[in-house]
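**Student:** Kindly return the folded structure for what I paste below:
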Amino acid sequence: MTKHAETRQPRVIVLLGSPGSGKGTQGRRIATHFGIPHLSTGQMLRTMVPRNSDERQIQQHILNGGFADDDVMLRWMDDRLGEPDCRSGYVLDGFPRTVVQAIQFDQRLSQRGQIITAAILLQVSQSVIMHRLRQRQQMEGRRDDREAILHKRMELDQANLGPLTRHYQLANRLLVIDGEDTVDAVTQQAMQALPMA
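**Tutor:** Below you'll find the predicted structure:
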């Protein structure tokens, strides 16, 4: 490994958007392009076998359409981001979900001499979001896509997405992408907007 590779800042990309905005699809594509892991908290929580009370609490909240406690979520993410595959960076999908989580995550990165590379907002109208989520529920039968839970998630998301967006805008890290375009076009927009260094 070269000295340059050793000192390069990890690429830390945060994906923002409502459930159904395409974060999972775009997260996987961006992560593959850069050779870093795509960390979807929703996917991780749906498939994990809880090992402790923190993980049980987080999983239960998420599956019921809510948010886990900020401190609990941050502890859980600290453990995951400390694993070797995250040394060169990662794409975060579903974290941070609140401004408190974002601020504390920024502080944790700062303590390591790191910063967020970019926060990508996938802009999609609510009508398109609901259509996509209903389709996903029919195709995948995900428990967290049931109608009542969908509405709860949308309400929580709308309450937190605006403040999160402003947080990253003020930090000069926000990139806004049209999430209603084709999958390939959205990926192209994101790759063109992201800093390559």
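**Student:** which SS state does L164 fall under?
**Tutor:** helix (DSSP: H, G, I helix; E, B strand; the rest coil).
**Student:** From what I see, it and L15 are in contact.
**Tutor:** No - L164 lies out of contact with L15 (CB atoms under 8 Å); the separation is 11.1 Å. To be clear about C-beta, it is placed using only N, CA and C from the backbone, and glycine gets the same treatment.
**Student:** who's more crowded, these two?
**Tutor:** L15 (26 against 21; other CB atoms under 10 Å).
**Student:** what helix or strand is that one on?
**Tutor:** Following DSSP states H and E, one finds L15 within strand 11-16.
**Student:** Distance from that strand to the middle of the chain?
**Tutor:** Its chain's average C-alpha position is 7 Å from that of strand 11-16, according to CA atoms, centre = their mean, to the nearest Å.
**Student:** Listing partners with orientation, what would you give for that strand?
**Tutor:** Strand 11-16 sits in its sheet next to strand 89-93 (parallel), strand 118-123 (parallel), going by DSSP bridges.
**Student:** So what touches the longest one?
**Tutor:** Going back to what we said before, that points to strand 118-123. Outside strand 118-123, the residues that touch it by CB atoms under 8 Å, 6 or more residues apart in numbering are 13-17, 21-23, 26, 164-165, 168, 173-180, 186, 190, 193-195.
**Student:** Restrict the helix or strand just after that strand to CA atoms and write it as CSV.
**Tutor:** Later in the chain than strand 118-123, the nearest helix or strand by DSSP H and E is helix 126-140. The C-alpha coordinates for helix 126-140 follow below in CSV (Å, rounded to 0.1, in the frame of the first residue of the first chain):
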residue,chain,number,x,y,z
GLN,A,126,-44.7,11.9,-1.9
SER,A,127,-47.1,10.5,-4.5
VAL,A,128,-44.2,8.6,-6.2
ILE,A,129,-42.9,7.5,-2.8
MET,A,130,-46.2,5.9,-1.8
HIS,A,131,-46.6,4.2,-5.2
ARG,A,132,-43.1,2.7,-5.0
LEU,A,133,-43.6,1.5,-1.4
ARG,A,134,-46.9,-0.2,-2.2
GLN,A,135,-45.2,-1.9,-5.1
ARG,A,136,-42.4,-3.0,-2.9
GLN,A,137,-44.8,-4.3,-0.3
GLN,A,138,-46.5,-6.4,-2.9
MET,A,139,-43.3,-7.8,-4.3
GLU,A,140,-41.3,-8.3,-1.2
